[in-house]
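**Student:** need coordinates for the following:
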Amino acid sequence: GEVFSSFDETPIGAASIGQVHRAKLLDGTKVVVKVMYESVERIFRGDVRTIKMFAQVAQPVHVPPLEEIEKQFMTEFDYKKEGEQLAKVRENLCKAGLVGDDSKQFAVPKPYLDLSTKKFW
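**Tutor:** Numbers count the residues shown, from 1 in each chain. You can find the predicted model right below:
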């Protein structure tokens, strides 16, 4: 079903694996939406597989560090997990009185975990 009443197709920010867009939820709440570039995860996995295959032949000693690097990079593709971590940070800062209606020291985005998904509507 519909999720947004509006979605700005012009990104307000971009990074190596995705970009960020302004949008409004159906209830009028202003949000930003992180969208991963299409196929970026598949391409990354293929590139790492190729590098590891090369290392196994040419420099086997480098395979374990490459596997650790791969593991760490794969966390970048999990926007749901990132949202969960952001929610924890936001909750802790609210408890400390640094974020919230009564405090304007920091602005921490509120993740909408129920809307976090690998697919775009």
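**Student:** need the residue closest to the centroid of this structure.
**Tutor:** Nearest to the mean C-alpha position of the chain, by C-alpha atoms, centre = their mean, lies residue 79 at 3.5 Å.
**Student:** wouldn't it be in contact with residue 36 here?
**Tutor:** Yes. Applying C-beta atoms under 8 Å, one finds residue 79 in contact with residue 36, separated by 6.9 Å. Every C-beta, even on glycine, is put in place using the N, C-alpha and C of the backbone.
**Student:** report the set of residues contacting both of the two.
**Tutor:** With contacts taken as C-beta atoms under 8 Å, 6 or more residues apart in numbering, residue 79 and residue 36 have residue 118 as neighbours in common.
**Student:** for this structure, longest helix please?
**Tutor:** Using DSSP state H to define each element, the chain has its longest helix at helix 40-58.
**Student:** and it, what's buried?
**Tutor:** Across helix 40-58, burial judged by 16 or more other C-beta atoms under 10 Å covers 41, 44, 48, 55.
**Student:** need these in a markdown table (columns: distance to residue 64 and pLDDT).
**Tutor:** Below are the buried residues of helix 40-58 laid out as a markdown table (distance: C-beta to C-beta, whole Å; pLDDT from 0 to 100):
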| residue | distance to residue 64 | pLDDT |
| --- | --- | --- |
| 41 | 22 | 89 |
| 44 | 19 | 91 |
| 48 | 13 | 91 |
| 55 | 10 | 96 |
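**Student:** let me know the closest of those residues to residue 10.
**Tutor:** Residue 10 lies nearest to residue 41 out of these, by C-beta to C-beta, at 23.8 Å.
**Student:** OK, contacts around that closest one?
**Tutor:** Contacts of residue 41 (C-beta under 8 Å, 6+ apart): 17, 77.
**Student:** now swap in residue 77 and tell me
**Tutor:** Per C-beta under 8 Å, 6+ apart, neighbours of residue 77: 17, 36, 40, 41, 44.
**Student:** how does it look with 7 Å?
**Tutor:** By C-beta atoms under 7 Å, 6 or more residues apart in numbering, residue 77 lies in contact with 17, 36, 41.
**Student:** next: residue 81.
**Tutor:** residue 75.
**Student:** where do the helices of the chain begin and end?
**Tutor:** Using DSSP H, helices in the chain cover 40-58, 63-74, 79-95.
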